[in-house]
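Trainee: build me a model from this:
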Amino acid sequence: MRKVDPVKHKQKRGEILGAAIRCFTRDGFRGASTTDICAEAGISPGHLYHYFPSKEAIIEAMIDLGLARSAERFEKILVAPDVIEALLADIEETSLRFRPAQILNLDGLAEAARNPEFAKIIARHTEAVRRMWGDFLRQAQSQGRMDPGLDPDATADILIAIIDGSRAMPIRNPKLDIKQSAAHLKTMLVRFLSPPEAQSAAIKHRNQRTTRSLKLVKKR
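Mentor: Residues are numbered from 1 along each chain as shown. Model prediction:
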C-alpha cells in the first residue's frame, strides 16, 4: 500500500479548497460542480476522491477551515489593547473588503433557503460561530472591556446579523465608501458594546472637546 505523506496531503487539500472557493464564488454553490472544481485544481475526478468524497464534503471542509481561522482571529482580538477597535478592524477586513466572503455568505444563505441538506450545513456553521461569539463576549466582559449587562448569546445573534448585513453592503452599493461605513459601524459598536463607564467617559471627553472648540470660535 502506498504511504501517504501527511504534509503533501494537507497541501493538496488546501489547493483543492482554494480551487473550490474560486468556483463557488464564480458559479455559486449550486452551479459549481465537482468537474469544475477538478478543472480549476488541475486534477482528475478520481484524484479528487482521494481527498474529498463529494461536493458536500468540500463545503464542510471549507466551513471547518473558516471556523479555525475565525477562532484564531478572536484570540488575537482578545489580546489587542482596544478589543472593540480590533473587532471593527477585523469586520472591515473580512466583511467589507473581502469579496469572496461577501458572495459566498449571501449565496450560502440563498441555497440554504431552498436546499434542506445545505440548510443543515449552514445551521451547523451558524451554531459554531454563535458559540465562538458567545465565548468571546464572555471573556471580554470578564476583562471589563465590554458591557457586562449584555446577554452574550443574544448579542452574538445581533452581531452575526450585523456582519451578514455588512457583507451585503458593497454588493448592494458598488460605490460604497468603505471608510465612512467603517467609521459609522465603529460608532454603533462602541455605543452598543462598551461598558457604561467607558461610554460616560467618551461622552464627557466629547463634550469637553466641543466646549474648547466653542471657546476658540468666540475668541476669533
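Trainee: now do the helices in this protein.
Mentor: For the chain, helices defined by DSSP state H occupy the ranges 6-31, 34-41, 45-48, 55-78, 83-91, 99-114, 116-142, 152-172, 178-193, 196-219.
Trainee: need those helices in CSV with mean neighbour count and mean pLDDT, can you?
Mentor: C-beta: built from backbone N, CA, C; applies to glycine. Formatted as CSV, the helices of the chain follow (neighbours: other Cβ atoms under 10 Å; pLDDT from 0 to 100):
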stretch, mean neighbour count, mean pLDDT
helix 6-31, 16, 93
helix 34-41, 18, 96
helix 45-48, 14, 91
helix 55-78, 16, 93
helix 83-91, 18, 90
helix 99-114, 16, 90
helix 116-142, 16, 94
helix 152-172, 15, 92
helix 178-193, 15, 90
helix 196-219, 10, 54
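Trainee: mind listing residues that contact stretch 165-182?
Mentor: Contact with stretch 165-182 is made by 88, 91-92, 95-97, 99, 101-103, 105-106, 185, as judged by Cβ atoms under 8 Å, 6 or more residues apart in numbering.
Trainee: that stretch: end-to-end distance?
Mentor: 13 Å (Cα to Cα, to the nearest Å).
Trainee: same thing with stretch 137-155?
Mentor: End-to-end distance for stretch 137-155: 8 Å, by Cα to Cα.
Trainee: contact partners for Pro196?
Mentor: Asp147, Gly149.
Trainee: I'd guessed Ala19 sits against Thr35; true?
Mentor: No. Using Cβ atoms under 8 Å, Ala19 makes no contact with Thr35, being 11.8 Å away.
Trainee: which residue ranges make up the domains of the protein?
Mentor: 1-53, 55-219 (automatic domain parsing).
Trainee: how far away is the residue nearest to Leu96 when sequence neighbours are not counted from Pro170?
Mentor: With Cβ to Cβ, 6 or more residues apart in numbering as the criterion, Leu96 has its nearest non-adjacent residue at 5.1 Å, and that residue is Ile178. The gap separating Ile178 from Pro170 is 7 Å, by Cβ to Cβ, to the nearest Å.
Trainee: same deal with Glu40?
Mentor: Plainly put, Glu40 is 24 Å away from Pro170 if you go by Cβ to Cβ.
Trainee: swap in Asp64?
Mentor: Computed as Cβ to Cβ, the Asp64 to Pro170 distance reads 26 Å.
Trainee: for Lys186, same thing?
Mentor: 17 Å.
Trainee: do Ala86 as well
Mentor: Applying Cβ to Cβ, the value for Ala86 to Pro170 is 22 Å.
Trainee: kindly report the same for Leu78.
Mentor: Distance, Leu78 to Pro170, by Cβ to Cβ: 27 Å.
Trainee: what's the answer for Pro53, then?
Mentor: 35 Å.
Trainee: next: Asp147.
Mentor: From Asp147 to Pro170 the distance is 29 Å (Cβ to Cβ).
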